[in-house]
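Engineer: sequence unknown, structure follows:
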C-alpha cells in the first residue's frame, strides 16, 4: 500500500467488496470521499445512500461527486446515520462505511456520539446482506471521542461470533490516539 492513511486502508477493503449494482451506505458523509468511491464502484445500476447532520458536509459531497463525474446513483441525506433503516431494506446492503469523529475542516464541537453511533451500527447490521461489509474508522480525542471509542469497542466485541466476524486493527507505534480501523463482515 502506498498511502498509509486509515481511509485509504479501509478503501482497499471496500474496493474488494462493492460490485456494480450493489446498494451501499456512507453513514458519515463528511467531505464525500467514501460516497464518491461507493458511487463509482456501484455504478449506474447501483445505489448509494449518504448521511450527515451537517449541511456543509452535504455541500462538500455534492461538489465532490460532480467533480469526480460519479454516476447519479446517490441520495445525499441531511439526517443522522441512526435512521438509515428508513431508506434501505433489511439484508440488501453490500457495504456500509463509517468515519467516526468530526468533519475534517469543520466544527470540532459537532461530532459523532456513542449512543447514536451504536444505534446506527445496530441498524446497519440488520441492513447488511450475508457477506456484507461494514467498515469503521474510529477517531478518538476531543470532548466525546474517548467515550465513543470505548463504548463502540465494547459494543462490537460482544457481537455474536456466529453472525459476525469483527476484525480490529491498530497503529501500534503511532502517538496521540491514532484512529482504529474496524471491519465487520456479516456471516449469516
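Structural biologist: Happy to help now that I have it. What you are looking at is a predicted structure, and each value in this text was computed from that prediction instead of being measured.

Engineer: Going by C-alpha atoms from here, please, whenever you check contacts or count neighbours.
Structural biologist: Noted.

Engineer: In terms of secondary structure, what does the helix or strand of the chain with the lowest mean pLDDT contact?
Structural biologist: Sorting the helices and strands of the chain by mean pLDDT, DSSP states H and E puts helix 145-157 at the bottom, at a mean of 86. Secondary-structure packing of helix 145-157 (3 or more CA pairs under 8 Å, 6 or more residues apart in numbering; DSSP states H and E): helix 114-127.

Engineer: Report the contact partners of residue 66.
Structural biologist: The contact partners of residue 66, by CA atoms under 8 Å, 6 or more residues apart in numbering, come to none.

Engineer: list the buried ones in the helix or strand hosting it?
Structural biologist: Per DSSP states H and E: residue 66 is located in helix 55-67. In terms of neighbour count (16 or more other CA atoms under 10 Å), helix 55-67 has its buried residues at 56-58, 61-62, 64-65.

Engineer: If you compare the directions of the least confident helix or strand of the chain and helix 114-127, what angle comes out?
Structural biologist: The directions of helix 145-157 and helix 114-127 differ by 30 degrees, with axes from the mean of the first three to the mean of the last three CA atoms, to 10 degrees as the criterion.

Engineer: moving C-terminal of helix 145-157, what's the next helix or strand?
Structural biologist: Taking DSSP H and E, what comes next after helix 145-157 is strand 164-168.

Engineer: How about that next one, which residues are buried there?
Structural biologist: 164-166.

Engineer: try stretch 121-133
Structural biologist: In stretch 121-133, counting by 16+ other CA under 10 Å, buried: 121-125, 127-133.

Engineer: ditto for stretch 14-23
Structural biologist: 14, 17-19, 21-23.

Engineer: So which of these are in strands?
Structural biologist: With strands defined by DSSP state E, the entries of the buried residues of stretch 14-23 inside them are residue 23.

Engineer: Tell me which two in the buried residues of stretch 14-23 are the farthest apart.
Structural biologist: 14 and 21 (14.4 Å; CA to CA).

Engineer: who's in contact with residue 84?
Structural biologist: 27, 51, 120, 123-124.

Engineer: again, but for residue 83
Structural biologist: Counted by CA under 8 Å, 6+ apart, residue 83 has contacts 120, 123.
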